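Engineer: With the input below, show me the fold.
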Amino acid sequence: MKSSIFDEGYYRRYYGERHSRVTSQKEIHRLGNFVCSYLKYLKMPVVRVLDVGCGMGYWQAVIERHFPRAEYTGVEFSSYLCDKKGWIQGSVVSFRSEEAFDLVICQGVLQYLTNGDATKAIANLGRLSRGALYLEALTENDWKTVCDQETTDGNTYLRTGDWYHQRLRKSFIPVGGGVFISRQADVPLYEMEMLPDES
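Structural biologist: I've put the predicted structure just below:
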C-alpha cells in the first residue's frame, strides 16, 4: 500500500466535500455511541484506546466523551495526515505496542491491503487488543448491495465477509455490530450475545 494514495486529494474527496464524503464526524459519533455504550453494558474497562488507520481522528472526540480518562492513540499510514494532525505514522500490519489496548478501532483499513498483508494485520490486531475490537472492512457483498458507490472508494481488495471472520476467529468472538471481543478478555458473554461459530 502506497502512502501517496492517501494524499490531500483523497481526504478532500472522501472526507471534506459534502457531495462525495464517505462519512462525517456526526455519523462517527452515532456509530461510536453504539460501540462505547455496548462496552459499558458489558462492563469492560476502557483505559487505553488504539485507533489504527485513524484518518481524520473522528473517533477521538467520541472516546473523550464516553471514556474521558482513557488514553487515545492515533496511528495513521498517510504521511500527509500525520504531518497535518500529528498522528503516529504506522501500519496496522506492523504497529507494535508494549502494552495491549482495551479498545482497538480499525475502520475502513483492511480492504486496502493485499490478502497476505490483511492476514498479518488481523493477527496483529489480535496481539494489540486485550479487550474489544471495532472492525469495519468493505466486502464484496457490501460493494454490490449496500454501499453508495459514488461516495465509497472501490479501488480496494474486495473479499467475502467469511474470509475476514475465518481469520478473526482465532483471537476474537464476534458479538455483532462490528464489535469483536478478545478471547483474552475476562468478559462473561451469554450465548445469544455471540454470533454462531460457523467453522
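Engineer: For the rest of this, base every contact and every neighbour count on C-alpha atoms.
Structural biologist: Noted.
Engineer: How about the contacts made by the residue nearest to S182 when sequence neighbours are not counted?
Structural biologist: In this structure, S182 finds its nearest non-sequential neighbour in F172, 4.5 Å apart by CA to CA, 6 or more residues apart in numbering. Neighbouring residues of F172 by CA atoms under 8 Å, 6 or more residues apart in numbering: G126, F180, I181, S182, R183.
Engineer: how far away is the fourth one from R130?
Structural biologist: Distance check for S182 against R130: by CA to CA, to the nearest Å, it reads 6 Å.
Engineer: rewinding a little: could you tell me which of the contacts of F172 belong to helices?
Structural biologist: Counted as lying in helices by DSSP state H, out of the contacts of F172, are G126.
Engineer: Dump the contacts of F172 to CSV, plus distance to V109, pLDDT and neighbour count.
Structural biologist: Shown next, in CSV, are the contacts of F172 (distance: CA to CA, whole Å; pLDDT from 0 to 100; neighbours: other CA atoms under 10 Å):
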residue, distance to V109, pLDDT, neighbour count
G126, 15, 98, 24
F180, 16, 98, 24
I181, 19, 98, 27
S182, 19, 98, 26
R183, 22, 97, 17
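Engineer: if we take the contacts of F172, which one ends up nearest to Q149?
Structural biologist: Ranked by distance to Q149 (CA to CA), the contacts of F172 are led by F180 at 26.7 Å.
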